[in-house]
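*Asks:* Could you look at this predicted model? Sequence included:
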Amino acid sequence: MTTNATTNPATPRLPTYFISHGGGPWPWMKKEMGNAYAQLEASLADMPRQIGRKPRAILMVSAHWEESAFTVMGNPRPQMIYDYGGFPAHTYKVQYNAPGSPTLARRVMELIEGAGLPVALDVERGFDHGTYSPMVAIYPEADVPVVQLSLMRGLDPAAHLALGRALAPLRDEDVLIVGSGLSYHNLRNFGPQAHDVSKAFDDWLDDAVVQGAPAERARQLEAWSSAPAARIAHPREEHLIPLMVAVGAAEGDVGERIYHEDAFMGGLVVSSFRFGAAANA
């Protein structure tokens with residue numbers, strides 16, 4: 001397989017991110033939700049300033065897509081997938097019209113194949129809300145191509161860290177790698193009553209990916225389920241696993257918490273992280 005990758009040695013490599021994508025179509029529900037997402041929106045909107053330039057494309061690893069192999073979106077004009085329920089009628093008509101990038105899709109497949117990991121292509125896949133909800137805050141003009149990449153069923157932390165390592169060259173090819181999930185995802189234990197357990201897990205997460213030595217991050221994340229309140233914070237870990245990809249692609253780089261709330265939705269402790277230096281931190 002040939003590659004169209006280009007590297008400019010004078011251009012600093014891009015960082016990677018693990019972000020909260022929020023609940024469903026929240027950017028289109030400000031009338032209904034008020035300022036509930038104001039801090040998250042501000043943190044997402046600040047990412048272009050941190051990066052310092054508009055990337056060539058974005059590779060988004062969303063918690064809302066799982067396949068038997070790592071599967072790359074090859075659709076040049078992705079449609080919307082309204083993968084939520086119980087929201088106002090107008091949220092099933094929202095649009096985020098960023099183009100896809102078959103060229104980037106081929107490059108991603110090449111890197112994953114080169115690492116000996118299972119990979120597939122899906123030319124029909126559209127954007128799920130793990131992509132378009134944060135992207136409308138990050139790049140509201142939808143003028144940066146976006147390619148989604150699935151998680152792999154089984155949600156093995158080591159496999160997703162290995163995926164990140166395979167994708168690391170994209171950072172030197174002006175492609176921004178974003179893991180899209182939530183640092184706390186237990187919809188049955190949400191709100192003020194979850195403050196203590198969400199804080200216990202968030203404190204561990206910050207220690208593991210920010211305060212601790214970068215060389216130790218992968219080992220700690222592979223054993224994430226032993227962390228305080230881990231299985232309360234993530235009864236099923238699909239919203240945490242995109243973090244593994246962001247960390248794997250930035251192995252050895254310093255982590256920084258770029259978004260943090262102590263009382264999200266009335267009581268949750270939640271965070272987002274960047275790995276690697278920002279141009280304008």
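*Replies:* Perfect, thanks for sending it.
*Asks:* Let me see the ranges of the helices in the stretch 101-250 of the chain.
*Replies:* Taking DSSP state H, counting those that start in this stretch as the test, the helices found in the stretch 101-250 of the chain are 102-114, 129-138, 157-167, 195-206, 214-222, 230-233, 241-248.
*Asks:* and the shortest one, how far from the chain's centre?
*Replies:* In this case it means helix 230-233. 19 Å (CA atoms, centre = their mean, to the nearest Å).
*Asks:* One more: the fifth one?
*Replies:* Between the mean C-alpha point of helix 214-222 and the mean C-alpha point of its chain there is a distance of 18 Å (CA atoms, centre = their mean).
*Asks:* thinking again about what came up before, now the helices of the stretch 101-250 of the chain in JSON lines, with mean pLDDT and distance to Thr16?
*Replies:* Any C-beta I mention is one placed from the backbone N, CA and C, and that applies to glycine too. Below are these laid out as JSON lines (pLDDT from 0 to 100; distance: least, CB to CB, whole Å):
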{"stretch": "helix 102-114", "mean pLDDT": "98", "distance to Thr16": "14"}
{"stretch": "helix 129-138", "mean pLDDT": "98", "distance to Thr16": "14"}
{"stretch": "helix 157-167", "mean pLDDT": "98", "distance to Thr16": "8"}
{"stretch": "helix 195-206", "mean pLDDT": "97", "distance to Thr16": "16"}
{"stretch": "helix 214-222", "mean pLDDT": "93", "distance to Thr16": "12"}
{"stretch": "helix 230-233", "mean pLDDT": "96", "distance to Thr16": "22"}
{"stretch": "helix 241-248", "mean pLDDT": "98", "distance to Thr16": "4"}
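*Asks:* which stretch among those helices comes nearest Ile51?
*Replies:* helix 129-138 (9.6 Å; CB to CB).
*Asks:* residues making contact with the closest one?
*Replies:* 19-22, 24-27, 40-41, 44-45, 47-48, 58, 60, 62-65, 80-84, 94, 96, 98, 127, 142, 146, 148, 178, 180-181 (CB atoms under 8 Å, 6 or more residues apart in numbering).
*Asks:* got it, and stretch 258-266?
*Replies:* For stretch 258-266, contacts defined as CB under 8 Å, 6+ apart pick out 17, 19-20, 36, 39-40, 43-44, 46, 50, 190-192, 195, 199, 202, 268-274.
*Asks:* Just the ones in helices from those, please.
*Replies:* 39-40, 43-44, 50, 195, 199, 202 (DSSP state H).
*Asks:* Now the buried members of the contacts of stretch 258-266.
*Replies:* Among those, the ones that count as buried by 16 or more other CB atoms under 10 Å are 17, 19-20, 36, 40, 43-44, 46, 50, 190, 195, 199, 202, 268-274.
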